[in-house]
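Enquirer: what follows is a predicted protein model with its sequence.
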Amino acid sequence: MTNIVEPKKVAEWFIQRNLDNPTNTGKGNMKLQKLLFFSQLIYMCKNNGETMYEEKFSAFDNGMVLEPVRQEYLRNYKELKQASTSTITLPEKVTEALKITEDIFGKCTEEEFNQLNN
């Protein structure tokens, strides 16, 4: 199966909504990783186990991580933020899963996220 969407585009969608707050920090990156993980789970539940992207999550001390996105956030946050200012077009079923993720987890603090999947 090929990628329906690139994980970086999903990250940009969350960054566009300032859900990685505090932005450009380790905490912001951690929150973004949690949103990526939970959105993938929600997508899978709604789409009979299919995934949004083939990239695999890795287990880190603070939860599951998409390492390429984590590194991109650390090294090129300005570029990610700039890309997030453009219109981000995603397939409808992806956008639906992201909106559900935002509704459920969008206001979670770092501490609340740590309690959820550690």
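Expert: Perfect, thanks for sending it.
Enquirer: tell me where this protein has helices.
Expert: Listed in chain order, the helices of the chain (DSSP state H) span residues 7-16, 26-46, 67-84, 92-105, 110-116.
Enquirer: just say which of those helices is most tucked in.
Expert: Each of those was assessed for mean neighbour count using mean count of other Cβ atoms under 10 Å. The highest is helix 7-16, with a mean of 22. In short, each C-beta sits where N, CA and C put it, glycine included.
Enquirer: other SSEs contacting that one?
Expert: Applying 3 or more Cβ pairs under 8 Å, 6 or more residues apart in numbering; DSSP states H and E, one finds that helix 7-16 contacts helix 26-46, helix 67-84, helix 92-105.
Enquirer: wait, what's in contact with the spatially most central residue of the chain?
Expert: For the chain, the residue nearest the mean C-alpha position is L36 (2.5 Å; Cα atoms, centre = their mean). L36 makes contacts with 7, 10-11, 14, 66, 69, as judged by Cβ atoms under 8 Å, 6 or more residues apart in numbering.
Enquirer: let me know the closest of these to E96.
Expert: Of all the contacts of L36, the one sitting nearest E96 is V10; the distance, using Cβ to Cβ, is 12.7 Å.
Enquirer: can you tell me which of the helices of the chain the model trusts least?
Expert: Mean pLDDT is lowest for helix 110-116 among those, at a mean of 82.
Enquirer: by contact count, what packs against that one?
Expert: helix 26-46.
Enquirer: what angle separates the helix it packs on from helix 7-16?
Expert: In terms of direction (axes from the mean of the first three to the mean of the last three Cα atoms, to 10 degrees), helix 26-46 departs from helix 7-16 by 120 degrees.
Enquirer: between helix 67-84 and helix 26-46, find me the angle.
Expert: 100 degrees.
Enquirer: then helix 26-46 to CSV, C-alphas only?
Expert: Taking Å, rounded to 0.1, in the frame of the first residue of the first chain, the C-alpha atoms of helix 26-46 are listed here in CSV:
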residue,chain,number,x,y,z
GLY,A,26,10.8,20.1,22.8
LYS,A,27,7.3,20.2,24.4
GLY,A,28,5.8,21.3,21.1
ASN,A,29,7.5,18.6,19.2
MET,A,30,6.3,16.0,21.8
LYS,A,31,2.7,17.2,21.5
LEU,A,32,3.0,17.1,17.7
GLN,A,33,4.2,13.5,17.9
LYS,A,34,1.3,12.5,20.2
LEU,A,35,-1.2,14.1,17.8
LEU,A,36,0.4,12.2,14.9
PHE,A,37,0.1,8.9,16.8
PHE,A,38,-3.4,9.4,17.9
SER,A,39,-4.6,10.6,14.5
GLN,A,40,-3.1,7.5,12.9
LEU,A,41,-5.0,5.3,15.4
ILE,A,42,-8.3,7.2,14.8
TYR,A,43,-7.8,6.9,11.0
MET,A,44,-7.2,3.2,11.4
CYS,A,45,-10.3,2.7,13.5
LYS,A,46,-12.4,4.6,10.9
